[in-house]
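Q: need coordinates for the following:
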Amino acid sequence: MGYYDPLRDYLMGCHSDEVALTFAEVEAILERALPASARKYDAWWANLGDDVSTRHSHARSWHDAGYRARANRTAGTVVFRRADPPGSAGLSPAGLPDDGHTIALIACAKQKEAYPCPARELYAPSTLFSLSYRYAKTCAERVYILSAKHGLVDEDAVLEPYDETLNDLPAEARKAWADRVLGQLAQVCDTQADHFIILAGRNYYEYLLPGLKNVTLPLGNLPLGKRIELLNRLSVRFDSAPSGAEGAALWLHRLFERLPRYEWQDIDDIPFEDGVYIVYERGETYHGYARVVHVGAHTSPGRLKQRLMDHFQREDRNASILRRNIGRALLNRAKDPYLDIWSLDTSRYPNRDREQSRTQRQVEQDVSAYMRVNMAFSVIPMAPTEARLRLKAAIIATLHQAEDFAPSDGWLGQHSPEQAIRESGLWLKQALDADPLTADESLRLARLIAPGI
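A: Numbers count the residues shown, from 1 in each chain. All right, here's what the predicted structure looks like:
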């Protein structure tokens, strides 16, 4: 996540055409101090399109949310005014600024048709190319192909089959190829104003980047299998709110597939300190997607990682209702009489003396082993406490109201002594009957997780 992305995300969640904040409130949203220049110079608050701000990443944060800023440094305040009608968020269909065209560049493929045909057809036998092309057509105004032999190729250009790739060429040859492509791009695009979405591996994009000002690399340098997996997820659009209970639950699962997936040892890698976490469990699916089995949030600011550690690393079921519920299911499945004691809060009198330390440690270890092997999670960044708790409850209720949102027969939760857990398919009992996500909340969540798609 970028330094100023939390401000962008906050503004995207605002309904008002005008949002007034103090500098201290902006810092609270960012969870870090503003630079000294923000309080010393008006130019720091300039908007994209003003000459002085053309390279300011912080200006892009409010620009991408559809606002323009006007600061009063003396008063320590800033007012963000919506630059476009509500709902447009100042973005093009690709989620990019409207001050240039959106151009997709797709790498050619080894697999080809055996006859002369348009480029979009020539490489179609490649699954990676086909998925890349499908995604590009949903988010770009124009599509070009990066051919190892021909350089830049229009998707409609008729080509003969050939057998060349950049992957076997030395760096100097790839640099020469990139210079050729940049020259071709300059004839059909504005390499400084247009935004380029490059769907290619490093050998194809590495030496193009210095010549292009605005670039997105949705696939990064992922290996082939991961690129295909990601493109399958990226092809789903979220530009309209879901309809119906089952539709909403499926829509959420598709949306959550866009989030990075973490395991218990990755908690320190989470790039923010506040959010809502979505937990998945091995073997649980919903319409082919990993099924959500738990939704959680922290109450105190800045405690996201600590809360996840309470679940996955700190062996104390008194600090984690998720651990407590999983332990109950494990003990109930084994018909272990220690279930009655495990279910108590032994941190409080008069239950403190009932805990059997050796058995307690063993159950804690069993719970940890189960969670660490079988569970993964994703996290949605969300700084304001009230918004965080509302999002948690709304997601739970949205999933619960879908009649087909059900656990598998083999789900561990089927052994829970809690009827609400067995029936809901979630490791929790709270918020099942809360208000589900509204259409506006759904679209704001989509803009946060999958901006522009």
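
Q: rest of the way, CA atoms for contacts and neighbours
A: Noted.

Q: OK, contacts around R8?
A: 61-62, 64-65 (C-alpha atoms under 8 Å, 6 or more residues apart in numbering).

Q: that one - that's part of a helix, no?
A: Yes: checked against DSSP: H, G, I helix; E, B strand; the rest coil, R8 lies within a helix.

Q: just the helices in the stretch 301-450 of the chain please.
A: 304-312, 321-333, 339-342, 357-374, 385-400, 419-424, 439-449 (DSSP state H, counting those that start in this stretch).

Q: just checking, V181 touches A148?
A: No: using C-alpha atoms under 8 Å, V181 is not in contact with A148, being 10.0 Å away.

Q: hmm, who's touching the helix or strand containing W251?
A: W251 belongs to helix 245-256 when assigned by DSSP states H and E. By C-alpha under 8 Å, 6+ apart, the residues outside helix 245-256 that reach it are 233, 236, 238, 242, 286-287, 289-292, 378, 398-399, 401-405, 446, 449-450.

Q: now the end-to-end length of stretch 265-279.
A: End-to-end span of stretch 265-279 (C-alpha to C-alpha, to the nearest Å): 14 Å.

Q: quick one: that stretch to chain centroid distance?
A: Centroid separation for stretch 265-279 versus its chain: 12 Å, with C-alpha atoms, centre = their mean, to the nearest Å.

Q: still on that earlier bit, any idea which of the contacts of R8 is the one closest to T77?
A: Relative to T77, the closest of the contacts of R8 is W62; by C-alpha to C-alpha it sits at 15.0 Å.

Q: how near is the spatially closest residue to that closest one that is not a sequence neighbour to P381?
A: Distance criterion C-alpha to C-alpha, 6 or more residues apart in numbering; nearest residue to W62, sequence neighbours excluded, is R8 at 5.3 Å. According to C-alpha to C-alpha, R8 stands 12 Å off from P381.

Q: just R323 next, same as before
A: Counting by C-alpha to C-alpha - R323 and P381 are separated by 23 Å.

Q: again, but for H415
A: Distance, H415 to P381, using C-alpha to C-alpha: 33 Å.

Q: just L308 next, same as before
A: Distance of L308 to P381, given as C-alpha to C-alpha: 14 Å.

Q: tell me if I'm right that A241 and L443 touch.
A: Yes: using C-alpha under 8 Å, A241 is in contact with L443, at 5.9 Å.

Q: quick check: pLDDT value at R174.
A: Per-residue pLDDT puts R174 at 95.

Q: poorly predicted segments of the stretch 301-450 of the chain, please.
A: Filtered on pLDDT under 70, the stretch 301-450 of the chain yields the residue ranges 348-349, 351-353.

Q: try it again with 80
A: Within the stretch 301-450 of the chain, the segments meeting pLDDT under 80 span 345-355, 450.

Q: the closest residue to F272 other than its chain neighbours pairs with what?
A: Closest residue in space to F272, ignoring its immediate chain neighbours: P381 at 6.9 Å, by C-alpha to C-alpha, 6+ apart. Applying DSSP bridges to P381 gives these bridge partners: G275.

Q: how near is P381 to R303?
A: 12 Å.

Q: can you work out which residues contact both of those two?
A: Counting by C-alpha under 8 Å, 6+ apart, the shared contacts of P381 and R303 are 273-274.

Q: residue boundaries of the strands in the stretch 1-150 of the chain?
A: For the stretch 1-150 of the chain, the strands defined by DSSP state E, counting those that start in this stretch cover 18-22, 67-72, 77-82, 102-107, 117-118, 142-147.

Q: direction included, what does the fourth one pair against?
A: In other words, strand 102-107. Applying DSSP bridges, strand 102-107 is found paired with strand 142-147 (parallel), strand 195-199 (parallel).

Q: tell me how far whichever helix or strand comes after the longest one lies from the chain's centre.
A: Just to be clear, that refers to strand 142-147. Using DSSP H and E, the helix or strand that follows strand 142-147 towards the C-terminus is strand 151-154. Remark: strand 151-154 is offset 32 Å from the chain centroid, using C-alpha atoms, centre = their mean.

Q: next secondary structure after strand 151-154?
A: Heading C-terminal from strand 151-154 (DSSP H and E), you reach strand 158-159.

Q: which among the contacts of helix 245-256 count as buried?
A: By neighbour count, with 16 or more other C-alpha atoms under 10 Å, those hold 233, 236, 238, 242, 286, 290-292, 378, 398-399, 401-402, 405, 446, 449-450 as buried.

Q: circling back to that earlier point, got CSV for the strands of the stretch 1-150 of the chain, with mean neighbour count too?
A: Converted to CSV, the strands of the stretch 1-150 of the chain look like this (neighbours: other C-alpha atoms under 10 Å):
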stretch, mean neighbour count
strand 18-22, 16
strand 67-72, 20
strand 77-82, 19
strand 102-107, 25
strand 117-118, 16
strand 142-147, 22
